[in-house]
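Enquirer: pasting a predicted model and its sequence here:
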Amino acid sequence: MSAKKLDQNENTETPPNAVKKTICLVQLTRIGDVIQVLQAANRLKETRDDIELAFIGRERFSKPLEFLLKQVFDYIYYINLPTILNKGQGSLDTTMLALNDFLEDVNQLKISALINYSYSRSSGYLCSLIHADHRLGVHFDNNSNLLINDNWSQYVYSNVLGTELNPFSLVDLYFKTLGVKPYIEEIPIVRPVENKNIVIHPFASSPRKRWKENKWIEIIYKILKEHPDSNVSIVGSKEDIGPTNIILNSAVLSQFRNRIMSHVGLKNIEEVYHLLGKSDLFIGHDSMVGHLASLQSIQTLTISLGTVRPIETSPYLAGGYVLSPRTNCFPCKPSDSCQIFQCHLDITHQLAFSVINLLLNKQEITEENIYRDNISMHVSSANLYRSDFSKEGLFRLNPIIENRAGINEILAKIYRVNWSFIINDSDETIKQPELNKQTHAELLQTLQGLTSLYELAEFGKKYSKYILEEISSTTPDILKIKDYSAKIDEIDALKDIVKKSHPGTAPIINYYKMKKGNLAGNNLVQLTESSYLVYHECAQCCSIVYELIEQTIAEYKLKNNITLTQNDQSL
Amino acid sequence: MKDLVSELKNEIDHIKKIAKEGQDVPFEKLNYLLLASLMEEEENVSEKVRPE
């Protein structure tokens, strides 16, 4: 638990008398998340020389990254529960003093903006106790009520946490929360594969996010057999030593043992980072090593399984490859029970190797080449993406094998355009998603849900307006106001029913529910005015998404020569 | 440690009672909530921004 003032970031461009404002970022979750925050902070630092940056993280997840954090942050604070408890020596009063010492240390800083990037209760309370002029992200008021005031944090809380339809990388969302200019020129891009020094991280933070060892044995065997000039370094933590030994001791790999180097449990994160810098290809599951690889701009192949949402957490650079299963339940939730891990079976080691083989042979990865090197059954159960950035500077995953998108992927694309417009007032051009018979039918269902939601939002406006009219009358009738408020509660309850029957409307319903829970205003008039505006924006959002879906359907019909049906009625 | 946990639990129960009665929870009581949540999350820090 300490703060450091680092001098290497002194900026001579700011006039000597100007006081730099301090922005403090809080990320109490895991190492991978800290790296993603670091990527956003790095961009902020690149674009603004008039600010100082502070960071607060859990010691065990942030300290190993200090070598990177100190390049970007002027102040670093680590919170460590065991240290606090040790100081407290079993007494609550002394423990509270130790905790207060930490808070006092942080509160020495004059923080202009405090941004909470972790959505845990602890970070919410922490951000409530730190003095700051402005707070973004989750914090609590004096009555322990959760507050989120800024649009993008409201979006993250309601959509990243609450739906399967978030279309943005977390790094881009962190950019948006910070108001940082995205990468439009000089985008981070992978450097070409020159040699065949390969780093493999066959592990992840949970079993559902990683293959069993046998698949990795197959991959490593094929790499070393087909590419005699290649060598493989395996990286991982001390907890991964057991599975590593299974890989290393497999009979199949015995002939290649001298070309496999295990660093598992031996190299710390800084050493792994430098190892990645000297390597040409990283292969692994979605984990913090992939984020480290992106910082070193090396070519990556990420195998996303289980709870991973590839768009949110794939390595943030252009030119990386991602394999994800087409399993219906992918991505699952951490709370879902699973015994068979069907998604692990749906990405075959043959398909993964064919991608690796093309990369090592410096061949282009195209749909044609993938089909050439695989039987179609292996290709049909997985998605393969190449990452890049849109011209608006937003990270995206482009499918290499076309016409595969399920309803969630199609809706996510549509919502991406919608949210950029609604929250950022910016247009993002996307390639029209390809439909099939099933996704077409599902989109028509979503249109019905949007129509219902639009009508409910219009009713919400109507009753908010009635309340305002009643308040402004010469003799306001409290019973009438209560009656209208009850109607508004009814409308909100009906929205939840629409969400259940039409899950494609969940992003809009969640977002405006969150906004409604954080209405601006200190009295009934202001709150009702805010409520009116929220319903108005909700209706507007429904219209935009409706129109985008209609365009998608129209193009599908045009391509497939389908005539218009009664279902295609606009709002 | 056992004493600390039970003392903290008492504080949290007290805070919950205050909140339930519709009164404002004194600001300094948030420290107890912070400590309790840190202890609760310590063994299972959630991934990404998922709910805990």
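Expert: Sure, I can see it.
Enquirer: from here on, just use CA atoms for contacts and neighbour counts.
Expert: Will do.
Enquirer: secondary structure element holding the residue nearest the centre of chain B?
Expert: Centroid-nearest residue in chain B, with CA atoms, centre = their mean: residue B:33, separated by 2.9 Å. In the assignment (DSSP states H and E), residue B:33 maps to helix B:30-41.
Enquirer: cool, residue A:103 as well?
Expert: Using DSSP H and E, residue A:103 falls in helix A:92-106.
Enquirer: what's that helix packed up against?
Expert: helix A:81-88, helix B:2-20, helix B:30-41 (3 or more CA pairs under 8 Å, 6 or more residues apart in numbering or on different chains; DSSP states H and E).
Enquirer: most neighbours per residue, which of those?
Expert: Ranked by mean neighbour count, the helices and strands packed on helix A:92-106 are led by helix B:30-41 with a mean of 19 (mean count of other CA atoms under 10 Å in any protein chain shown).
Enquirer: next, the angle helix B:2-20 makes with that helix.
Expert: On the basis of axes from the mean of the first three to the mean of the last three CA atoms, to 10 degrees, helix B:30-41 is oriented at 120 degrees to helix B:2-20.
Enquirer: what about helix B:30-41 and chain A, touching?
Expert: Yes: counting by CA under 8 Å from any CA of the partner chain, chain A has neighbours in helix B:30-41: B:30, B:31, B:32, B:33, B:34, B:35, B:37, B:38, B:39, B:41.
Enquirer: any idea of the mean pLDDT for that helix?
Expert: On average, the pLDDT along helix B:30-41 is 91.
Enquirer: same check, this time on stretch A:83-92
Expert: pLDDT averaged over stretch A:83-92 gives 91.
Enquirer: ends of that stretch, what's the gap?
Expert: 14 Å (CA to CA, to the nearest Å).
Enquirer: can you list contacts of it?
Expert: A:1, A:94-99, B:1-4, B:7-8 (CA atoms under 8 Å, 6 or more residues apart in numbering or on different chains).
Enquirer: what residues does the stretch 51-200 of chain A have near chain B?
Expert: Going by CA under 8 Å from any CA, the residues of the stretch 51-200 of chain A near chain B are A:81, A:89-92, A:96, A:99-100, A:117-123, A:125-126, A:129, A:142-144, A:160-161.
Enquirer: give me the distance between residue A:378 and residue A:481.
Expert: Counting by CA to CA - residue A:378 and residue A:481 are separated by 62 Å.
Enquirer: I meant to write residue A:290 there.
Expert: Applying CA to CA, the value for residue A:290 to residue A:481 is 55 Å.
Enquirer: residues in contact with residue A:405?
Expert: A:433, A:434, A:435.
Enquirer: wouldn't the first one be in contact with residue A:412 here?
Expert: Translated: residue A:433. No: counting by CA atoms under 8 Å, residue A:433 does not reach residue A:412; the two are 10.1 Å apart.
Enquirer: who does residue A:114 bridge with?
Expert: Counting by DSSP bridges, residue A:114 is bridged to residue A:24, residue A:135.
Enquirer: neighbours of it, just the number please.
Expert: Counted with other CA atoms under 10 Å in any protein chain shown, residues neighbouring residue A:114 total 23.
Enquirer: roughly how far apart are it and residue A:518?
Expert: Counting by CA to CA - residue A:114 and residue A:518 are separated by 18 Å.
Enquirer: kindly report the same for residue A:288.
Expert: To residue A:518, residue A:288 is 33 Å away according to CA to CA.
Enquirer: cheers, nothing more for now.
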